[in-house]
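Participant: Structure here, sequence nowhere to be found:
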């Protein structure tokens, strides 16, 4: 589904990631951990074509991202839901429209006002906030709205970058629960986090691989978690 | 290039949902509308100037090309004989449709502004004038001069070419300047729209980032901006043209006396030419915004 083969990424003259080979199989659940600045966000951006590797190959749905036209990258992103820690919305549109944005940009206008959107809003607990503007949302509500936006196209892969970074423990457990549910629906999930307690809580519910970025390389973390 | 015929068609059809993804920007919207309107207003006058100059050049060219004058400069006792001889020559000259000697009254009327009404033409060596009207291909002035030199020594042919040519050239140059001004105005519209579009794209980099994250293609993002600027340029230009046409229509006419300033305006189908300006402005805005968006989207990661 997503495969990194001997990938390196350099920025500003220094190598941030080096010789990384990882394969995210369909339906798998991964955590990506490591200290701040280790390259977790860069790794995620490589996975959805926001960055191109300086060496090696990134294949997304069997296509090498280096050879893709910009519009093809856009099509691939419709199959990958992304949640960032620093969530960005279109602040002039209500929450419901922001969540439906992937449908809007892909021309599926009929579904924008359809029942699925209502169900999704209910699933993330934002039904009452559908008409609110994004700046009016709390941190937890923004993360849940971002998660709803990421999954509205029923993507095959969900990538989450520190999704619980700005929320309290209860909210982080709720978000984790939503991601676990998505994985049970067959979605591939990759969560970048430095929150080891979140990883432990997840491993109690789902079979997850934990990848650790250390010294520019990705290793499979083991029993210490 | 982001745009092709299909995307242009879908652009014209519009997309209510796509239009909403870019936040409304009051300042650039008003700026684009005002500038397009002002440019179209100026372009109407440039076109009026150009079309009026064209008409003037044609009229001067046609009127003067079909007339010529012969001056009979001879002693008083020879003047009538040489006038008759010149008329005789003209009767047998190919290309001459008609020729007549001006009467004393007509010549007196011509000279009255300078010498008054009571000029005694009979006793003054005032040249006799013969007015020639030529057929459409015209006569050969060189050949006629040679014949007149041989048969009417006091005759001087003036076929008006000496002063007709610079007048017609000036009018034609004025017409070109008018069209050039209209083109420059359209180029200014393109520059203004490009600047406004660049400003809008830069101000909405977060919007572009979000749209890309959720899978929007570059053509989708570009269309949201292009449609907006195209419509603004079209509407602004339509208003500017309407006001410009009204202003031209309200200009005082010269009545029966033809003049350049009083003849400045449109005639017949010429009134339809400015109606093309909103369409052209819209097309210019579409191309300028599409290019600006294409450039901007390449640089925004």
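Facilitator: That came in fine, so what should we check first? Computed from a predicted structure; not experimentally measured.

Participant: now the helices: where do they sit in the chain?
Facilitator: You didn't say which chain, so I picked chain A. A:40-47, A:70-77, A:95-99, A:101-105, A:109-112, A:115-123, A:139-151, A:169-184, A:196-203 (DSSP state H).

Participant: meant chain B actually
Facilitator: Going by DSSP H, chain B shows helices at B:5-13, B:16-21, B:26-65, B:76-91, B:104-115, B:141-151, B:161-203, B:205-213, B:218-249, B:276-299.

Participant: Figure out which of those helices is closest to residue A:55.
Facilitator: Smallest distance to residue A:55 across those (Cβ to Cβ): 23.5 Å, for helix B:276-299. Where you see a C-beta, it was placed from the backbone N, CA and C, and this is true even at glycine.

Participant: Could you list the single helix or strand in chain A with the lowest mean pLDDT?
Facilitator: Ranked by mean pLDDT, DSSP states H and E, the weakest helix or strand in chain A is helix A:109-112, scoring a mean of 67.

Participant: Those residues of the stretch 101-250 of chain B touching chain A, which are they?
Facilitator: Within the stretch 101-250 of chain B, the positions adjacent to chain A are B:206-207, B:209-220 by Cβ under 8 Å from any Cβ of the partner chain.

Participant: now, which of those residues sits nearest residue B:17?
Facilitator: Relative to residue B:17, and with distances defined as Cβ to Cβ, the nearest of those is residue B:220, at 10.4 Å.

Participant: thinking again about what came up before, quick one: the helices of chain A as JSON lines, columns for mean neighbour count too.
Facilitator: Formatted as JSON lines, the helices of chain A follow (neighbours: other Cβ atoms under 10 Å in any protein chain shown):
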{"stretch": "helix A:40-47", "mean neighbour count": "22"}
{"stretch": "helix A:70-77", "mean neighbour count": "18"}
{"stretch": "helix A:95-99", "mean neighbour count": "24"}
{"stretch": "helix A:101-105", "mean neighbour count": "25"}
{"stretch": "helix A:109-112", "mean neighbour count": "14"}
{"stretch": "helix A:115-123", "mean neighbour count": "15"}
{"stretch": "helix A:139-151", "mean neighbour count": "24"}
{"stretch": "helix A:169-184", "mean neighbour count": "18"}
{"stretch": "helix A:196-203", "mean neighbour count": "16"}
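
Participant: mind putting these in TSV, distance to chain B included?
Facilitator: Shown next, in TSV, are those (distance: least, Cβ to the nearest Cβ, whole Å):
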stretch	distance to chain B
helix A:40-47	10
helix A:70-77	4
helix A:95-99	7
helix A:101-105	4
helix A:109-112	5
helix A:115-123	13
helix A:139-151	7
helix A:169-184	17
helix A:196-203	23
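
Participant: Export those as TSV, with columns for distance to residue B:101.
Facilitator: Shown next, in TSV, are the helices of chain A (distance: least, Cβ to Cβ, whole Å):
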stretch	distance to residue B:101
helix A:40-47	97
helix A:70-77	83
helix A:95-99	89
helix A:101-105	86
helix A:109-112	85
helix A:115-123	96
helix A:139-151	96
helix A:169-184	107
helix A:196-203	114
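
Participant: Indicate which one of those helices is closest to residue B:98.
Facilitator: Here helix A:70-77 is closest among these (Cβ to Cβ), at 74.8 Å.

Participant: Dihedrals phi and psi, residue A:48?
Facilitator: Backbone torsions for residue A:48, taken as degrees, to the nearest 10, come to phi -110, psi 20.

Participant: roughly how far apart are it and chain B?
Facilitator: From residue A:48 across to chain B, the span is 9 Å (Cβ to the nearest Cβ, to the nearest Å).

Participant: Now residue A:77: closest residue in space that isn't a chain neighbour?
Facilitator: Excluding its sequence neighbours, the residue lying closest to residue A:77 (Cβ to Cβ, 6 or more residues apart in numbering or on different chains) is residue B:215, at 4.1 Å.

Participant: For residue A:15, which residues are in contact?
Facilitator: A:8-9, A:54, A:216 (Cβ atoms under 8 Å, 6 or more residues apart in numbering or on different chains).

Participant: Please apply the same query to residue A:26.
Facilitator: Neighbours of residue A:26 in contact, by Cβ under 8 Å, 6+ apart: A:1, A:156, A:186, A:188.

Participant: Highest neighbour count among those?
Facilitator: residue A:188 (21 neighbours; other Cβ atoms under 10 Å in any protein chain shown).

Participant: residues in contact with it?
Facilitator: A:1-2, A:24-30, A:156-158.

Participant: export those residues to TSV and tack on pLDDT?
Facilitator: Shown next, in TSV, are the contacts of residue A:188 (pLDDT from 0 to 100):
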residue	pLDDT
A:1	83
A:2	91
A:24	92
A:25	92
A:26	93
A:27	92
A:28	93
A:29	94
A:30	93
A:156	92
A:157	94
A:158	94
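
Participant: Filter the residues you listed down to the buried ones, PyMOL style.
Facilitator: Selection of buried members from the contacts of residue A:188 for PyMOL, criterion 16 or more other Cβ atoms under 10 Å in any protein chain shown:
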select buried, chain A and resi 1+2+24+28+29+30+156+157+158
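
Participant: Is there a neighbour count for residue B:181? I'd like the number.
Facilitator: Counted with other Cβ under 10 Å, residue B:181 comes out at 17.
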